[in-house]
Structure formats: structure tokens, C-alpha cells
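[1] Generate coordinates for the sequence data below:
(one chain, ligands or ions: 1)
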Amino acid sequence: MALYVKAADILEKAERKQGALKTLVYDSKFSNIKQLFALVCETQKFSSVLLEIIEYTKLLKQTRLSPHLAMVLVYDLLIGQGLKCGGSWKVMMMKHRSRLQAALARMKVKKKVSRNEDLLPADVQNPAGEHLPRYVRVNTLKTTVEDVGVYLKRDGFTFQGNASRLEDLTLKENHFVRDMHLPELLALAPKTDFHDHFLYKGGHIILQDKASCLPAYLLNPPPGCHVIDACAAPGNKTSHLAAIMKNKGKLFAFDLDAKRLATMSTLLLRAGVTCHQLAHQDFLKVDSDGAQYKDVEYILLDPSCSGSGMVCLRESTSSNQEKDQARLASLASFQLRCLNHALRFPRLKRLVYSTCSIHRQENEDVIGACLQQNPGFRLVPLLAEWPERGLEPYTQCLRASIATTRTHGFFVALLEKHSEAANTKQEAVKISGPEATTTHSPDACEEKPEDPQSEDEQTPAADVMPCGQTDSTPGKKRKRKKKNTTAAAPAPVVPAVMAEVAAAAVVTAAPVAAPAAVVTAEVAAPAVEAAVPPAE
Ligand SMILES: C[S@@+](CC[C@H](N)C(=O)[O-])C[C@H]1O[C@@H](n2cnc3c(N)ncnc32)[C@H](O)[C@@H]1O
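    The predicted structure follows:
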């Protein structure tokens, strides 16, 4: 019964917009996350059908069930696996089973369909997100695009070459291409499932939507520099930054959410990231003049947003427009405060701002207001060959969408300090144009074959890499990297508030005065090494 109660609770919270389904499920701490997620998603998908059945049979009146619990139970009884609970709940539902079944049958007759799926509205039957490629970012801290390609081919996938047009990203099952914009990105057929694949479990690949790979790629911090990831959890962009920095330098990552930080800590370890220092801290309260941040030159700011670009969330926009506008205004105000705060770091050269929102208020409007308030910064023109630009007059920025870029909806802006503009002009051109010759040049992908999501959050899994890999395998590289897991900043301290983080990583306690709870790679590593047995 716990499964049904939890699922009902999550559906209710999602309806009240207290969080995205995925986040609510992961935050629930339920023992079988996969089972819970499947039940919640399917119940939500069939909600229009279930509500009609519940209404027609007057189930709520007769059982006094809450609407969400009734939906979950009716889903599993009629459409799902059959009720798995026992006791009085099952007896009660079985009493109503034939009436509920009759109501479902009646709906099918009325709509002249035979399958349950055919009762769903067209946009639910065929959601746009299902057509998005499965993007796989190769984690260059552990392996190479070439090695991953070899593995995929060994697994029965066929390499189709380097993509050069949008259409090349529409792939048949078991086909894959290397992306035309991001050389470390592979695209596969929609819904290709890697969650149980050893490359994923070993942190060699990261399941991440293409648009969500843009911020770190465009910020492009060089190895050895100091970087801040201001709103970092669950850490997909942090691990991407670390890969670009080749694990050299310092990567300060902040987040307010302890649970997400705990997940992040595990994921970063799995990805072999060692240059990071996680802090459970409000970024707005980070002292920009603090001695430890005096060398920070790069900031990635990916703050909380409406998530309106996430294809799977679009149907849940509420009918209360006034409330939606107020929420957007409040998010935009928070985003602008974060931006203004980030620009105060004294040695900052470049900052990437990104959201997975399609709303102008959270994107171009925030950038416009920020530029007005910070005349020392300017926008850098990005990727000339990228097909979707920021709305006028902010065409230096990038937008992304299913139709134009085969990704979730996304926005990216790169700000640069004016005084740096002259010194870094050459660099800026490299980043912005198709003639680019940096290590991120799309041209680089022409040389070798092979190759993300809700912006996919990575689920931690303490799995073991298979044995018997050859020298060129990601497994071998992983072993070598393991020896490097000691190079982090001295561990600042930590309050008890980090209980959840402590579950995934060892933490120490923060000085009384310090608000931040910090986990360094150094201290966190042994915890996960213990949880994830070595490959060989
Ligand atoms: C869009 S998510 C970040 C996703 C992340 N960059 C990634 O790629 O995996 C926004 C994050 O900002 C965090 N957040 C919200 N307000 C914050 C604040 N004031 N300081 C630090 N983090 C904050 C949220 O907890 C959430 O994890």
C-alpha cells in the first residue's frame, strides 16, 4: 500500500506545482524508485481516462478515497499490473472492480477504439519528447569518443558518421551519429535505454540533452583555472566543466538542496571528477570577496527556472494565467539577483547564463536587465551556425527547441567583462564562429567517427563495471583515474544539516560562523569507492 500512498502524494504535489515528477519521486526516498516512477508516470498519462471512470462510477463518494489515491488504484487495477496491495484496500477495490471495468469498456465503445492507449488525447499518445534523440555525452575524464564508439559497435549499434544536418539526428533503432555541434556528444534513436548499460553505470557516458551540454561547452574554462557552478545540482554541467578543465584547477559548486547535492556527490565520483568542492549553500550568500574565490574567472549560472522548455512538463502548465505570471516574475527576479551577484566576483572574465525555459521573461529580459545594471559586461556572440537565436535584440544568445535543434527548449547567454574583451577578442571569435579552431571546434568531430535530457538527471547507482576489459577500454582508464582522487581543496567544515549528503560522501563539520556545508572530492571519494567495488 505504501507504493500507492506515495504515488498519490507525488501526483498531488506535482499538480500543486511543488516540483517536477522526477524530482518528487527521487526525493521521496521510496525503496523502489523505478517502480514508483513508472506508476506515477503512467497514472498521470492516463489521468483523463481515470478521472472520467472515477466520476462515472462515483467511486470517491462510495469509497471516500482521495482523488489521487483513487486514480492510482484504478490505474493499477484496470490498466497496470493489477493491485499489488492486500488487506482491506484490495477488498474494497475488488468490490468495485466490475463497475470500473464496465466504465472503461463503455468509454472504448463510445470512442470506437479497442486499446487503452487509444483513449488518450493525441498529444499524450504521441508526446513530442518521445521523438527527441537519446543524447549521450562522452565523459572524457574516463574515456574517449572513439572507445565509446567501439563499445557501442560491439553492442550491435551501427555508426552512421558525423551528423551534418538536423535530419541526421533522426535515427533508426541501434544507429548512432556524432553530433555536428558538440564533438563529445553522440545521438541515438529516441528512447534508447542506457540506464542499465555499464558505460552509464561506470560514469563513462552521461545521459544529457544536447542543449544542456551547451553552457559548459561555451564557457570553456581552461585547465587550471578557478570556476564557480552557482546552482549546480544534480551536477551534469559540473561534471562537464570538470571534463573540459581536465580535472585541473578548482570547481566550486553550490546548491541549496541537500538531497540533490547528495545525488550529485555520488554522480561526480562516478564520473571521476576530482577538482570540485561542493557546498550546501545559498549562492546569493556566497561572499564574492572571499579569499578562496579571488581567482574565480569563470561562472556557470543555471538557476532554478520554470522548466517550460522541458518537453515532458509542457502539458502541466496551469490554467491560472495570473498565477503563472506571478511565478515567472518571481523566478525572473531570483535569476537576475543571481546574475548580478555572480558578476560581483572581482576577477570574473566570463559567465554563462542558462535556463531550460522558453519564456522571454526568464531569458532575454533577465539578460537585458542585467546588462543595463552591469555596463562593464557585454554579450559574446555564440556559435554562428546554431540555427535558433535569442529573441531580438539578443541574437548573440542561443535558443533551442525540438523543431529547430531537436532538443528540449533551452536558452544560453555568454557574458564577458568589457575590459577583458580586448584581450580575449581572438578567443571570443573562436567560440562564436563556424570557423572555430578551439578544442571545441565542430570541425574536430569530422576526424573520428562514433558517438542529452529534463535535461536528464542522472540516477546514482552503485554498480560494478564488468571485468576483462582491454587496454583501450573505459574500464582501464577508470582504474588509472582512481589513483588521482585525492587532489581537492582542504575540507572546510560542515553542520549536521548535511545528513543526507553524508549518506553519499564523508563530510566534516563547518566552523560555527560558516554557513556553508562543504564536501570535497578528497573526502567524498572513499565513501563511494566503498560503495562501488572496483572494476577488476
Ligand atoms: C536548473 S537546476 C541546476 C541543474 C544543474 N546545473 C545541472 O546541470 O545538473 C537549479 C538548481 O538551483 C538550485 N538553487 C536554487 N536556488 C539556489 C540558490 N539560492 N543557491 C544555490 N542553488 C540554488 C536548486 O536546488 C537546483 O538544484
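[2] where does the stretch 401-536 of the chain dip in pLDDT?
    419-536 (pLDDT under 70).
[3] do the same with the stretch 251-400 of the chain
    Ranges of the stretch 251-400 of the chain meeting pLDDT under 70: 312-320.
[4] all strands for it, in order.
    276-280, 296-301, 350-355, 377-379, 398-400 (DSSP state E, counting those that start in this stretch).
[5] Kindly present those strands as CSV, with separate columns for mean neighbour count and distance to residue 201.
    Using the backbone N, CA and C atoms, a C-beta is placed for each residue, glycine as well. Below are the strands of the stretch 251-400 of the chain laid out as CSV (neighbours: other C-beta atoms under 10 Å; distance: least, C-beta to C-beta, whole Å):
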stretch, mean neighbour count, distance to residue 201
strand 276-280, 27, 21
strand 296-301, 24, 26
strand 350-355, 26, 27
strand 377-379, 19, 40
strand 398-400, 24, 28
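[6] Tell me which of those strands approaches residue 265 most closely.
    strand 276-280 (6.1 Å; C-beta to C-beta).
[7] can you tell which of the strands of the stretch 251-400 of the chain is closest to residue 337?
    Across the strands of the stretch 251-400 of the chain, closest to residue 337 is strand 296-301 (C-beta to C-beta), at 10.9 Å.
[8] Name the residue of the stretch 301-450 of the chain that lies nearest to the ligand.
    residue 302 (3.7 Å; C-beta to the nearest ligand atom).
[9] what does the stretch 151-300 of the chain give?
    For the stretch 151-300 of the chain, C-beta to the nearest ligand atom, closest residue to the ligand: residue 231, 3.0 Å.
[10] where does the nearest residue to residue 76 once chain neighbours are set aside land in three-state SS?
    Spatially, and ignoring its direct neighbours in sequence, residue 76 is nearest to residue 83 (5.5 Å; C-beta to C-beta, 6 or more residues apart in numbering). Here residue 83 is recorded as coil under DSSP: H, G, I helix; E, B strand; the rest coil.
[11] count of neighbours near residue 91?
    Residues within reach of residue 91, counting by other C-beta atoms under 10 Å, total 9.
[12] In terms of helices and strands, where is it?
    Residue 91 belongs to helix 87-111 when assigned by DSSP states H and E.
[13] Name the surrounding residues that touch that helix.
    Residues outside helix 87-111 that contact it (C-beta atoms under 8 Å, 6 or more residues apart in numbering): 1, 4, 49, 52-53, 56-57, 59, 62-63, 73-74, 77-78, 83, 114, 116, 118-119.
[14] Verify the contact between residue 70 and residue 61 for me.
    No - contact between residue 70 and residue 61 fails when scored by C-beta atoms under 8 Å: they sit 10.6 Å apart.
[15] for this structure, longest strand please?
    strand 410-417 (DSSP state E).
[16] can you map out the strands along the stretch 101-250 of the chain?
    134-138, 158-162, 175-178, 185-188, 205-207, 226-229, 250-255.
[17] how about a markdown table for those, with distance to the ligand and mean neighbour count added?
    Output for these, formatted as a markdown table (distance: least, C-beta to the nearest ligand atom, whole Å; neighbours: other C-beta atoms under 10 Å):
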| stretch | distance to the ligand | mean neighbour count |
| --- | --- | --- |
| strand 134-138 | 11 | 26 |
| strand 158-162 | 26 | 15 |
| strand 175-178 | 22 | 23 |
| strand 185-188 | 15 | 26 |
| strand 205-207 | 10 | 26 |
| strand 226-229 | 7 | 26 |
| strand 250-255 | 4 | 26 |
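[18] Which of these sits closest to residue 31?
    By C-beta to C-beta (comparing all of the strands of the stretch 101-250 of the chain), the closest turns out to be strand 205-207, at 23.3 Å.
[19] If we ignore the residues flanking it in sequence, what's nearest residue 374?
    residue 343 (5.0 Å).
[20] wait, doesn't that neighbour sit right on residue 367?
    No - between residue 343 and residue 367 there is no contact under C-beta under 8 Å: 11.8 Å.
[21] Residues of the chain that sit close to the ligand?
    Residues of the chain that fall close to the ligand, judged by C-beta under 6 Å from any ligand atom: 231-237, 254-257, 260, 282-284, 302-304.
[22] Write a ChimeraX command that selects only the buried members of those residues.
    Buried residues within the residues of the chain next to the ligand, by 16 or more other C-beta atoms under 10 Å, are selected in ChimeraX with:
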select :231,232,233,234,235,236,237,254,255,257,260,283,302,303
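[23] From residue 87, how far off is the residue lying farthest from the centre of the chain?
    Distance from the C-alpha centroid of the chain, by C-alpha atoms, centre = their mean, peaks at residue 95 (43.1 Å). For residue 95, the distance to residue 87 equals 13 Å [C-beta to C-beta, to the nearest Å].
[24] Secondary structure element holding the residue in the stretch 1-150 of the chain that the ligand sits nearest to?
    Taking C-beta to the nearest ligand atom, the ligand has its nearest neighbour within the stretch 1-150 of the chain at residue 23, 8.7 Å off. Assigned by DSSP H and E, residue 23 belongs to helix 21-27.
[25] mind listing what's buried in that helix?
    Those would be 21, 22, 23, 24, 25, 26, 27, for helix 21-27 by 16+ other C-beta under 10 Å.
[26] same question, stretch 38-56
    39, 40, 42, 43, 44, 45, 46, 47, 49, 50, 53, 54.
[27] swap in stretch 132-151?
    132-145, 147-151.
[28] repeat for stretch 189-196
    189, 192, 194.
[29] show me the contacts for the first one.
    In this case it means residue 189. Residue 189 touches 133, 134, 171, 172, 173, 174, 175, counting by C-beta under 8 Å, 6+ apart.
[30] pLDDT for those - can I get that in JSON lines?
    As requested, the contacts of residue 189 are arranged in JSON lines below (pLDDT from 0 to 100):
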{"residue": "133", "pLDDT": "96"}
{"residue": "134", "pLDDT": "96"}
{"residue": "171", "pLDDT": "95"}
{"residue": "172", "pLDDT": "94"}
{"residue": "173", "pLDDT": "95"}
{"residue": "174", "pLDDT": "96"}
{"residue": "175", "pLDDT": "97"}
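[31] so which of those would you say is closest to residue 35?
    Using C-beta to C-beta, the contacts of residue 189 come closest to residue 35 at residue 134, 22.5 Å.
[32] Give the bridge partners for the closest one, please.
    residue 188 (DSSP bridges).
[33] before we move on, the earlier item: any figure for the gap between the residue of the stretch 301-450 of the chain closest to the ligand and residue 321?
    For residue 302, the distance to residue 321 - C-beta to C-beta - is 27 Å.
[34] Residue 361 now?
    Residue 361 is 13 Å from residue 321, by C-beta to C-beta.
[35] Comparing residue 343 and residue 367, which residue is more hemmed in?
    residue 367 (23 against 19).
[36] I'd say that one and residue 395 touch.
    No - contact criterion C-beta under 8 Å: residue 367 and residue 395 do not qualify, at 11.6 Å.
[37] Which neighbours do residue 343 and residue 367 have in common?
    In contact with both residue 343 and residue 367: residue 415, using C-beta under 8 Å, 6+ apart.
[38] can you list the weak-confidence ranges in the stretch 51-200 of the chain?
    86, 123-129.
[39] quick one on the thing from earlier: these two touch, right, the residue nearest to residue 76 and residue 77?
    Yes - using C-beta under 8 Å, residue 83 is in contact with residue 77, at 5.3 Å.
[40] And stretch 254-266, how far out from the chain middle?
    13 Å (C-alpha atoms, centre = their mean, to the nearest Å).
[41] OK, contacts around residue 334?
    Per C-beta under 8 Å, 6+ apart, neighbours of residue 334: 303, 304.
[42] measure the residue lying closest to residue 282 once chain neighbours are set aside to residue 153 for me?
    Closest residue in space to residue 282, ignoring its immediate chain neighbours: residue 256 at 5.6 Å, by C-beta to C-beta, 6+ apart. Counting by C-beta to C-beta, the separation of residue 256 from residue 153 is 43 Å.
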